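>>> Provided below are the primary sequence and the corresponding predicted coordinates.
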Amino acid sequence: MTETFSRQRRPGLIDRKSLGDIMLIIAGCLIVSLAGCLFEPASLSQAWAFLLPAGISAAAGLALRLLAKSDRPLVRHWDALTVVAGWLWGFFIGALPFWLLCQLTPVQALFESVSGWTTTGLSVMDVEAQSRLILFYRSFMQYCGGLGFLLMMAMLIQNRQSAALYAAEGHADWLVPNLMATARTILKIYLLFLAGGILAYLLAGVSFFDALCTTMCALSTGGFANYGASVGHWHSAAISLITIVLMIAGTTNFLILALLLKGKFRRVSRITEVRLGIVILVIATAGITLLLMDAFGLAWPAALLESLFEAVSALSTSGFSLMPYTGWPPAAIGIMIVLMLCGGGLGSTAGGIKLFRVAIAGRLVTNRIMKKADPARQVLTPSITTPQRTGAISDSQFKDAAGFILLYLVIFLTGSILLAASAGCSMQDAFFEFASSLGTVGLSVGVTSAAASAGTLLIEITGMILGRLELFLVFTALITLGRRLFRPGSLN
């Protein structure tokens, strides 16, 4: 009897109710995607390929909610497992429309779905052969992926589980103490920039459909485009500049965007990651400009615009481009790889290591060099300015940043070697492509294509998932799951 009771009270791995809510949200995203039929009524015949997975996700979500027990104990790190399970479900369900409609293999369809939800932007599709429903779906899934399933859930539900899951997903962007109010404020900012971006593109001569899709992908730092030439399709300096502004907005911490909208420019100018981002962009743009002028004989205005666009696209992890990278000098490719590794702002839609961690690591290195150079000299504890305050960098912040960067670089090197072996490409191309996958960027030198092998795509899929879910979350979930499978008593 005691044994039976103990087995009934065995802690659950995930919060079934919250996972059910995520599944319902994913179903809702699929249904809303049918708005793409408004731009091409003939594509209404494809609606079944969205309604079917939406129905599956909704049914599974409702079933989990019915099975959930509020008094059921949960294992430690249940939040990490629930978040990862929710995203994996989204990847699987999101792949079904691509598989059912676009003549893709299951791995290719999964690749497209993961690239969309993670806001990466790598693609194996001939986008110009797709219906407007599919094109809208790709853009809308990136827009939702930029917000994240847990943020969308927080807009609708406020409880202890929502707050824990929101934090587990890596969010530090609490604009106000109340989670639901924070989520809705972020949505308002997102929608405000969406409206502004659409209007700007319309004034520049872009159709409403292209303006809507491009703005959604730019703000989510996603990079999916309706044309094979990406933003270079328009050959317009005005459109390029609008996209640069939107990519910067997408890669900026929501807290910083809120300060900008309140007119607190001086306070924003003192934030460490803002200053670091500007310095990196200036140096990278100048370097790429000189290299492109020498390699292609471009006039400096054209080279400057091209270089600024590509540098912003890489650092913001957006993935839009103006021209192919064929013939680019290796040094310029190297700069782009470094930018993709750095990534955008913490608490934004961007991927990569994040400028906040890069700044902490830089302060740590500078501090150690100064101490080594003059051991007798008193070296003050370095400080950092965030949107909330200026303060000394704590020991835990140093350790977290150093650990994350080390793990990120180990995965980057390992993934690049595996990708080179699988795709048969050079290490330079493998570094570029896997930096793009792991940083959820979406730029490509040609390794990613419809001809890529399933092994190559699976390596990139792994990189995209690890990059979007911030490494530690995935490994925490895997370790917790492993302990349940192999050491079940340790989690009770």
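Arrived safely, thanks for sending.
>>> Do I have it right that residue 391 meets residue 381?
No - contact criterion Cβ atoms under 8 Å: residue 391 and residue 381 do not qualify, at 9.7 Å. C-beta here means a position set from N, CA and C on the backbone, and glycine is covered the same way.
>>> Which helix in this protein has the most residues?
With secondary structure taken from DSSP state H, the chain has its longest helix at helix 395-423.
>>> Please identify the buried residues of the helix or strand just after that helix?
Counting by DSSP states H and E, the next helix or strand C-terminal to helix 395-423 is helix 427-438. Neighbour-count burial for helix 427-438 flags 429-438 (criterion: 16 or more other Cβ atoms under 10 Å).
>>> helices and strands around helix 427-438, which ones?
Contacts defined by 3 or more Cβ pairs under 8 Å, 6 or more residues apart in numbering; DSSP states H and E place helix 427-438 against helix 330-342, helix 395-423, helix 454-468.
>>> Check those for me and report the most buried one.
Comparing these by mean neighbour count (mean count of other Cβ atoms under 10 Å), helix 454-468 ranks first with a mean of 23.
>>> any idea of the angle that one forms with helix 427-438?
Counting by axes from the mean of the first three to the mean of the last three Cα atoms, to 10 degrees, helix 454-468 lies at 50 degrees to helix 427-438.
>>> Helix 454-468 - contacts with which helices or strands?
helix 78-101, helix 106-117, helix 395-423, helix 427-438.
>>> roughly how far out does the longest one sit from the chain middle?
To tie it back to what came earlier, the one meant is helix 395-423. How far helix 395-423 lies from its chain's middle: 17 Å, per Cα atoms, centre = their mean, to the nearest Å.
>>> Low-confidence ranges, the stretch 351-492 of the chain, go.
By pLDDT under 70, the low-scoring segments of the stretch 351-492 of the chain are 376-380, 487-492.
>>> So which residues of this structure form strands?
All strands of the chain, identified by DSSP state E, fall at 383-385, 390-392.
>>> Listing partners with orientation, what would you give for the first one?
Spelled out, that is strand 383-385. Next to strand 383-385 in the sheet, as set by DSSP bridges, lie strand 390-392 (antiparallel).
>>> Now stretch 271-284: buried residues?
271-274, 276-277, 280-281, 284.
>>> Please, where are all the helices along the stretch 151-300 of the chain?
160-168, 179-203, 208-219, 237-251, 254-261, 265-269, 272-296, 300-315 (DSSP state H, counting those that start in this stretch).
>>> which sections of the stretch 151-300 of the chain are below the confidence cut-off?
154, 156-160, 163, 166-179.
>>> rerun at 90
By pLDDT under 90, the weakly predicted segments of the stretch 151-300 of the chain are 151-190, 253-264.
>>> that older thread, could you say which of the strands of the chain is packed most deeply?
Among the strands of the chain, strand 383-385 has the highest mean neighbour count (mean count of other Cβ under 10 Å), at a mean of 16.
>>> Contacts for that strand next, please.
270-272, 356, 359-360, 363, 390-393 (Cβ atoms under 8 Å, 6 or more residues apart in numbering).
>>> still on that earlier bit, including distance to residue 164, could the strands of the chain go into a markdown table?
Output for the strands of the chain, formatted as a markdown table (distance: least, Cβ to Cβ, whole Å):
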| stretch | distance to residue 164 |
| --- | --- |
| strand 383-385 | 26 |
| strand 390-392 | 25 |
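>>> Mind putting the helices and strands packed on helix 454-468 into TSV with distance to residue 133?
Formatted as TSV, those follow (distance: least, Cβ to Cβ, whole Å):
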stretch	distance to residue 133
helix 78-101	8
helix 106-117	14
helix 395-423	32
helix 427-438	27
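>>> Out of these, which gets nearest to residue 290?
helix 427-438 (19.7 Å; Cβ to Cβ).
>>> what angle separates the closest one from helix 106-117?
Going by the same axes, to 10 degrees, helix 427-438 makes 60 degrees with helix 106-117.
>>> Pull up the distance across stretch 374-392, start to finish.
21 Å (Cα to Cα, to the nearest Å).
>>> can you check stretch 435-444 too?
When the termini of stretch 435-444 are compared using Cα to Cα, they are 10 Å apart.
>>> just so I know, which of the helices and strands packed on helix 454-468 lies nearest residue 181?
Among the helices and strands packed on helix 454-468, the nearest to residue 181 by Cβ to Cβ is helix 78-101 (21.0 Å).
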